[in-house]
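> From the sequence below, what's the structure:
(one chain, ligands or ions: 1)
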Amino acid sequence: MLLPIVQFGHPILRKMSVDINNDYEGLSKLIDDMYETMYKADGIGIAAPQIGKNIRLFVIDATPCVEDYPEVKDFKKIFINAHIIERSDETVQTSEGCLSLPGISEDVRRSKKIRIQYLDEKFQPHDEVIEGYCAVVVQHEYDHLDGKVFIDHLGALKKRLLKGKLNAISCGKVPTKFRTVLP
Ligand code: ZN
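Numbering: from 1, shown residues only. A predicted model of the protein is given here:
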């Protein structure tokens with residue numbers, strides 16, 4: 001089932017998300033719906049707050065970017081109750097976009113390498129080091145769980161220049177190929 005995607009300016013995107021238990025009702029259907037929604041919108045990741053739920057869940061399938069970033073080959077994963085416990089000082093700068101901020105793409109600098117603990121869809125624990133573009137995508141989705149969006153990483157001037165576009169998104173004036181939830 002396709003879910004509407006929460007757009008920039010909505011308070012749900014600014015809330016801290018909470019861990020869930022393995023008896024969370026309808027979890028596997030929710031994961032399926034998030035993937036379906038993400039694929040339909042041509043996204044490579046989507047976090048639960050973007051579909052209106054403040055829980056620590058995001059899904060990624062970055063495999064369409066394999067030509068630009070060979071490390072994303074097979075990088076399709078579900079992250080439940082994720083917590084990043086280490087971030088490298090070394091950074092990379094990549095152009096990012098977001099389904100909650102359609103039409104905007106900006107260069108963002110993030111850690112090149114992270115260590116993350118999370119549960120998979122069977123609630124099996126993982127403790128992994130993730131690098132390169134995979135780490136960028138994970139950090140982007142992870143930010144959503146902490147009430148952040150990628151433009152928060154930009155400088156004041158860049159943010160000011162985006163003001164008009166952001167207002168247009170919040171007012172529903174930016175056309176999208178998916179249904180949206182406006183603030
Ligand atoms: Zn996003």
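
> how far away is residue 90 from residue 131?
Distance, residue 90 to residue 131, using Cβ to Cβ, to the nearest Å: 10 Å. (Glycine included, C-beta is placed from N, CA and C.)

> higher neighbour count, the two?
residue 131 (15 against 9; other Cβ atoms under 10 Å).

> So that one is in contact with residue 71, correct?
Yes: using Cβ atoms under 8 Å, residue 131 is in contact with residue 71, at 6.8 Å.

> Okay, helices next: where are they in the chain?
Secondary structure of the chain by DSSP state H: the helices cover 27-40, 132-145, 156-170.

> Deepest-packed of those, please.
Neighbour counts (mean count of other Cβ atoms under 10 Å) averaged over each of the helices of the chain peak at helix 132-145, with a mean of 23.

> who does that helix touch, helix- and strand-wise?
strand 45-47, strand 57-61, strand 76-87, strand 91-96, strand 106-111, strand 113-119 (3 or more Cβ pairs under 8 Å, 6 or more residues apart in numbering; DSSP states H and E).

> Restricting the selection to alpha carbons, write it to PDB.
Extracted as PDB, the C-alpha positions of helix 132-145 are listed here (Å, rounded to 0.1, in the frame of the first residue of the first chain):
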ATOM      1  CA  GLY A 132      31.300   5.600   1.900                       C
ATOM      2  CA  TYR A 133      28.000   6.300   0.200                       C
ATOM      3  CA  CYS A 134      26.300   3.600   2.200                       C
ATOM      4  CA  ALA A 135      27.300   5.500   5.400                       C
ATOM      5  CA  VAL A 136      25.900   8.800   3.800                       C
ATOM      6  CA  VAL A 137      22.500   7.200   3.100                       C
ATOM      7  CA  VAL A 138      22.300   5.700   6.600                       C
ATOM      8  CA  GLN A 139      23.200   9.000   8.200                       C
ATOM      9  CA  HIS A 140      20.600  10.800   6.200                       C
ATOM     10  CA  GLU A 141      17.800   8.400   7.200                       C
ATOM     11  CA  TYR A 142      19.100   8.200  10.800                       C
ATOM     12  CA  ASP A 143      18.900  12.000  11.000                       C
ATOM     13  CA  HIS A 144      15.100  11.700  10.400                       C
ATOM     14  CA  LEU A 145      14.800   9.600  13.600                       C
END
